[in-house]
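Engineer: Everything below, folded, please.
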Amino acid sequence: MKKIITVIMLIFLLVGCANKELKIENKIEFKEGKEEKIEFKEKKEYKLSLIMAGDALIHDAVYKDAYIGDNEYDFSDMFEEIRPIIQNYDLAFYNQETIIGGKNLGLSTYPRFNSPEEIGDALIDVGFNIVSLANNHSLDKGEQGIIHSNQYWRTKDVMVSGTFDSFEDRNKINIQSKNNISYTLLSYTTSTNGIPVPEGKEYLVNVYNDELVKEDIERVRDEADVIIVSMHWGVEYTHTPTSEQRRIANYLAELGADIVVGHHPHVIEPIEFIDDTLVIYSLGNFISAQIGLPKLVGMLVSVDIIKRDINDSIEIDIENVQSELIYTSYSNFRNFKVIPYSKLTDIIFPNFEEKLQPYIEVIKKEEETIKVNSGI
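Structural biologist: From the prediction side, this is the model:
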């Protein structure tokens, strides 16, 4: 009896010392009423927070509004309203829709873009540290634009994917870790706007095909806890995912992608889970000078990535999925600002609650449980 009491006291002491990352379960087995055996089950839990934004579509009106003279630009004021949100997260993703191809190639707008380096500087300063570079405008300034863009991003402490300088560069495994959770980004586009990728230099931009993505995911699946796949896909200006988007989303889920983050339609599309894979079909525009409310309304989506290690058996869960609408405000193509729903007023956007209700319904169309505008 004394041995049993001693064991029970030991169990209470161990439980009392457990912290948030370590839990201990105890199991007592009695052999012929005399001997006790204690089995310890170790549970460790880690969390990584991630927020995602859509297309940084830098028309000439946007970069002209940022011009401060002497061939220099300052975009910082445009993002001041979302800075406090982004900086609350461990990881922050966006799609650099317009190539940072170097000012010596000439800044340009639609249909073939080239943006100043200062847009990247501003968004890194806001807190973004994961950037997709594969999209239909990646080749707008040709090979030289991609080379300059890659050189620029290599000088930053940011994970990028989608454009490369060589096949060796493209096939490198790029995995980073934070909070004991390892992660990687794979980025693809389904179009280059008819601009052909130079033969023999297919590494310049990741143009999607099933076999390519299968090989890439298989290369990293056992190395990374979390695989984020960025997809530039779909049809512009429609709130409904195409059948091809849905096919690719299901295929990526089968391959083991954890998060599929979509962009290109320039308007928002629904969010859903396919088994354990979170699919965001389109985040809409992050910032642009496009005209019309649907193109000025985008969204931020945040998640908690939870890693549970139970006796060296790893389980990854995507939890606490939330979204917040954002609105690009400007007047006469000046004074551009990205404003989250939580900071909108009827002065900034008259009758905004009623006008934005249809966009909330779009987000929740496939997954009613998604929280919208609840404060991310």
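Engineer: Mean confidence (pLDDT) on stretch 92-105, please.
Structural biologist: The average pLDDT within stretch 92-105 is 98.
Engineer: Point out where this protein drops to low pLDDT.
Structural biologist: Where the chain drops to pLDDT under 70, the residues are 1-41.
Engineer: Could you rerun that using 80?
Structural biologist: Within the chain, the stretches with pLDDT under 80 are 1-42.
Engineer: Domains in it, by residue range?
Structural biologist: Structural domains assigned to the chain are 2-43, 47-372, following automatic domain parsing.
Engineer: just these: most buried one?
Structural biologist: domain 47-372 (a mean of 19; mean count of other CB atoms under 10 Å). C-betas here are computed from N, CA, C, even on glycine.
Engineer: Tell me the gap between it and the middle of its chain.
Structural biologist: Relative to the centre of its chain, domain 47-372 is centred 6 Å away, using CA atoms, centre = their mean, to the nearest Å.
Engineer: now the end-to-end length of it.
Structural biologist: 22 Å (CA to CA, to the nearest Å).
Engineer: Apart from its neighbours in sequence, what residue is nearest Gln176?
Structural biologist: Distances taken as CB to CB, 6 or more residues apart in numbering put Met159 closest to Gln176, at 5.8 Å, once the chain neighbours are dropped.
Engineer: can you pull the contacts of Val321?
Structural biologist: Contact analysis of Val321 by CB atoms under 8 Å, 6 or more residues apart in numbering lists Ile271, Leu278, Val301, Ser302, Val303, Glu367, Ile370, Lys371.
Engineer: Repeat the analysis, applying 6 Å as the threshold.
Structural biologist: Val303, Ile370 (CB atoms under 6 Å, 6 or more residues apart in numbering).
Engineer: Where does it sit: helix, strand or coil?
Structural biologist: Three-state assignment for Val321 (DSSP: H, G, I helix; E, B strand; the rest coil): strand.
Engineer: ok, now how distant is it from Met299?
Structural biologist: 12 Å (CB to CB, to the nearest Å).
Engineer: would you list every one of the helices in the stretch 1-150 of the chain?
Structural biologist: Secondary structure of the stretch 1-150 of the chain (DSSP state H, counting those that start in this stretch): helices at 2-17, 60-65, 83-86, 117-126, 142-154.
Engineer: in terms of contact, does His137 touch Phe113 like I think?
Structural biologist: Yes. Using CB atoms under 6 Å, His137 is in contact with Phe113, at 5.2 Å.
Engineer: Find residues that contact each of these two.
Structural biologist: Common neighbours of His137 and Phe113 (CB under 6 Å, 6+ apart) are Thr98.
Engineer: beta partners of Lys178?
Structural biologist: Counting by DSSP bridges, Lys178 is bridged to Ile181.
Engineer: measure it to Leu139 for me?
Structural biologist: Lys178 is 32 Å from Leu139, where distance means CB to CB.
Engineer: With Lys343 instead?
Structural biologist: Counting by CB to CB - Lys343 and Leu139 are separated by 37 Å.
Engineer: Next: Glu223.
Structural biologist: 30 Å.
Engineer: same deal with Lys47?
Structural biologist: To Leu139, Lys47 is 38 Å away according to CB to CB.
Engineer: Repeat that for Tyr94.
Structural biologist: Tyr94 sits 20 Å away from Leu139, going by CB to CB.
Engineer: How about Pro116?
Structural biologist: According to CB to CB, Pro116 and Leu139 sit 19 Å apart.
Engineer: Ok, Glu315 next?
Structural biologist: 40 Å.
Engineer: and if you look at Asn150?
Structural biologist: Shown here: Asn150 relative to Leu139, a distance of 13 Å by CB to CB.
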